[in-house]
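# show me the folded form of this:
(2 chains)
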Amino acid sequence: KQEVTQIPAALSVPEGENLVLNCSFTDSAIYNLQWFRQDPGKGLTSLLLIQSSQREQTSGRLNASLDKSSGRSTLYIAASQPGDSATYLCAVFGLGGSNYKLTFGKGTLLTVNP
Amino acid sequence: NAGVTQTPKFQVLKTGQSMTLQCAQDMNHEYMSWYRQDPGMGLRLIHYSVGAGITDQGEVPNGYNVSRSTTEDFPLRLLSAAPSQTSVYFCASSQGTRGGTQYFGPGTRLLVL
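You can find the predicted model right below:
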């Protein structure tokens, strides 16, 4: 059974700091990995999707990397802003034993202080 | 495009009542899914569908029923509500069946008394 772990569970940083969120997964047989953002009381918004054959994806101040063989991904946020405060979730889309299923981590609650 | 829409936004039920949570998407996506989100448990997959007429169980399917008669709609039915089903429910859709970008609805908050 696929398990996804996110570390840390919560993170508080001053504005302007660069930061890294970590995600690990137990089964490397995946189609892709996605990073999402969730604001309080809202749905999830996809930030970046990395296909299993890719190593990284970038969007603006966000960069996500994927090391499928070791079961790890990182989300790098450059020059953090108070508007980046949210919960960040990673999820893997599995094949084989967990076909067609998206498995989520429990998220990292990020607070960026002005 | 409206994207993924969910109704109702909030619902209170009594134990034993039944109800249907509605989900619709206007992006012609093949893959649709339902999740529940609980504090400390994260998002857990209830049911999913890879196309009209095709559904399958996720991690926590007990007490829930789904059908997919059209590409656009994927309703979730609670057969006999229990307090343990108090949660926030999210519907999502994506193009293809191999995990494209997932689009989530705004969620339905359900309270079962």
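
# can you give me the strands in chain B?
Remark: strands assigned in chain B by DSSP state E are B:4-7, B:10-13, B:19-25, B:31-38, B:42-51, B:54-57, B:64-66, B:76-78, B:87-94, B:103-104, B:108-112.

# as JSON lines, these with mean neighbour count, distance to chain A and mean pLDDT would be great.
Where C-beta positions appear, they are placed from N, C-alpha and C, glycine not excepted. JSON lines is the format used below for those (neighbours: other C-beta atoms under 10 Å in any protein chain shown; distance: least, C-beta to the nearest C-beta, whole Å; pLDDT from 0 to 100):
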{"stretch": "strand B:4-7", "mean neighbour count": "18", "distance to chain A": "8", "mean pLDDT": "96"}
{"stretch": "strand B:10-13", "mean neighbour count": "14", "distance to chain A": "11", "mean pLDDT": "97"}
{"stretch": "strand B:19-25", "mean neighbour count": "19", "distance to chain A": "12", "mean pLDDT": "97"}
{"stretch": "strand B:31-38", "mean neighbour count": "23", "distance to chain A": "7", "mean pLDDT": "95"}
{"stretch": "strand B:42-51", "mean neighbour count": "20", "distance to chain A": "4", "mean pLDDT": "93"}
{"stretch": "strand B:54-57", "mean neighbour count": "15", "distance to chain A": "7", "mean pLDDT": "92"}
{"stretch": "strand B:64-66", "mean neighbour count": "19", "distance to chain A": "14", "mean pLDDT": "97"}
{"stretch": "strand B:76-78", "mean neighbour count": "18", "distance to chain A": "15", "mean pLDDT": "97"}
{"stretch": "strand B:87-94", "mean neighbour count": "23", "distance to chain A": "6", "mean pLDDT": "96"}
{"stretch": "strand B:103-104", "mean neighbour count": "22", "distance to chain A": "4", "mean pLDDT": "94"}
{"stretch": "strand B:108-112", "mean neighbour count": "18", "distance to chain A": "9", "mean pLDDT": "97"}
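
# out of those, which is closest to A:Ser70?
strand B:42-51 (22.1 Å; C-beta to C-beta).

# with distance to A:Gly16 added, can I get the strands of chain B in a markdown table?
Compiled in a markdown table, the strands of chain B are given as follows (distance: least, C-beta to C-beta, whole Å):
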| stretch | distance to A:Gly16 |
| --- | --- |
| strand B:4-7 | 35 |
| strand B:10-13 | 38 |
| strand B:19-25 | 38 |
| strand B:31-38 | 31 |
| strand B:42-51 | 30 |
| strand B:54-57 | 46 |
| strand B:64-66 | 45 |
| strand B:76-78 | 43 |
| strand B:87-94 | 33 |
| strand B:103-104 | 30 |
| strand B:108-112 | 35 |
